[in-house]
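>>> following is a predicted model, sequence given first.
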Amino acid sequence: MKDIVRQKIGINVDIMDMLNEQIKKEAHSSAVYLAMASWCDQNGLDNSAEFFYKQSTEEREHMLRIFRFINENGGTAYSPEVSNVTHEFNSLQEIFESALDQEITVTKSIHNIVGKCRKVQDYGSEGFLQWFVLEQMEEENKIRKILEMFDLMGTDGMALKMIDERITHE
């Protein structure tokens, strides 16, 4: 009976499974950004901490958006477990480099799902994912611009404070 129900849902089953994997990635990103915010807080980098608190919230919102989409289209979304979250960092630059790597990984995953949507002609899911495609472009660009500040200003005490002052949490 379970297989019959899965065939009658409004979302392609393979896409649903991939979106459930994406839920895990978004939850992991949220947890990673929370750990980064904590490190920044502990090191007196208030604007950077707020930036990562906001990023953590946004990733959780992305997770919930996908979660609801699956359920609203007759699928079953699964609440993810989160593990392997690093809490130790050596520098603010390292944190932003890790954040960019995290965003690139998420971008590749979203693109992979979009490609599969096209292959199986799940146009509803592809349309839903277009928002994420644009969001990922924005997120990567935001972090790249911050990393450019390290290249321009350096990483010593005063430069670090100036970079932190320029990081916004809009």
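Arrived safely.

>>> quick one: the residue lying closest to residue 104 once chain neighbours are set aside from residue 164, how far?
Of all residues beyond its chain neighbours, the one nearest residue 104 is residue 140 (6.6 Å), with distances taken as CB to CB, 6 or more residues apart in numbering. For the C-beta atoms, the positions are set from N, CA and C on the backbone; glycine is no exception. Distance, residue 140 to residue 164, using CB to CB, to the nearest Å: 21 Å.

>>> do the same with residue 66
When distance is defined by CB to CB, residue 66 is 32 Å away from residue 164.

>>> re earlier: hmm, the residue nearest to residue 104 is touching residue 102, no?
No - contact status for residue 140 versus residue 102: not in contact, 10.0 Å apart, counting by CB atoms under 8 Å.

>>> comparing these two, which residue is more hemmed in?
Relative neighbour count places residue 102 above the other of residue 140 and residue 102, with 20 against 16, counting by other CB atoms under 10 Å.

>>> contacting residues around the more buried one?
For residue 102, the contacting residues are 29, 32, 33, taking CB atoms under 8 Å, 6 or more residues apart in numbering as the criterion.
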